[in-house]
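Peer 1: Pasting the sequence and the predicted coordinates here, then a few questions.
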Amino acid sequence: MLKEFKVIPEPLQRKLILQVGLGLCGLLVFIFLLATLRNFGIALPGLALFVFFAICTFRLFVISVSKDYIVISGVCSKVNLTAIKKQTKSIILNAEGKSVKVIIKQRLKKIQPGAAIDVYVYKNAQAHQFNNEYVLPAHIAIDVK
């Protein structure tokens, strides 16, 4: 299993490690609440969190090992920011002569136009065309080089 993990690209490895960590935090919350309060009903959300992240991690691991994803490589041409906090809302990539808009759901470090970016997407992800650009509403991970 460790052998397969080493073959997985680094952005997907980071996401897997993050999900395992969050799942273990949920398990620790479950154990702590169960040990201190002795009430299974109150501790149950921690167990549910652990099970949720265990399933998500297993699913991502299987997708990563079977290479059931697509990597879209391109150069960032524009960064759209939110109005108040100035966080990255979306980026527009030039990939193989096409314009691809990627909706960002998590916090990323500051992305500058001209940066090389790899976007990992599920093979069955839907890309919609809008105003002469393809819009990707979901992605697995983003690697800014």
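Peer 2: Structure's in. What do you need? Numbering: from 1, shown residues only.
Peer 1: and the chain, what are its domains?
Peer 2: 2-65, 69-144 (automatic domain parsing).
Peer 1: Would you reformat the ones you listed as CSV and include mean pLDDT and mean neighbour count?
Peer 2: Where C-beta positions appear, they are placed from N, C-alpha and C, glycine not excepted. As requested, the domains of the chain are exported to CSV (pLDDT from 0 to 100; neighbours: other Cβ atoms under 10 Å):
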stretch, mean pLDDT, mean neighbour count
domain 2-65, 95, 14
domain 69-144, 90, 14
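Peer 1: Show me what the longest helix along the chain is packed up against.
Peer 2: Ranked by residue count, the top helix of the chain under DSSP state H comes out as helix 10-37. Applying 3 or more Cβ pairs under 8 Å, 6 or more residues apart in numbering; DSSP states H and E, one finds that helix 10-37 makes contact with helix 40-65, strand 116-122, strand 141-144.
Peer 1: Serialize these to a markdown table and add fields for distance to Leu27.
Peer 2: Shown next, in a markdown table, are these (distance: least, Cβ to Cβ, whole Å):
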| stretch | distance to Leu27 |
| --- | --- |
| helix 40-65 | 4 |
| strand 116-122 | 27 |
| strand 141-144 | 24 |
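Peer 1: Nearest to Val135, out of those?
Peer 2: strand 116-122 (12.0 Å; Cβ to Cβ).
Peer 1: Which residues does the closest one contact?
Peer 2: 9, 11-12, 63, 68-76, 91, 93, 100, 102, 111, 136, 138-145 (Cβ atoms under 8 Å, 6 or more residues apart in numbering).
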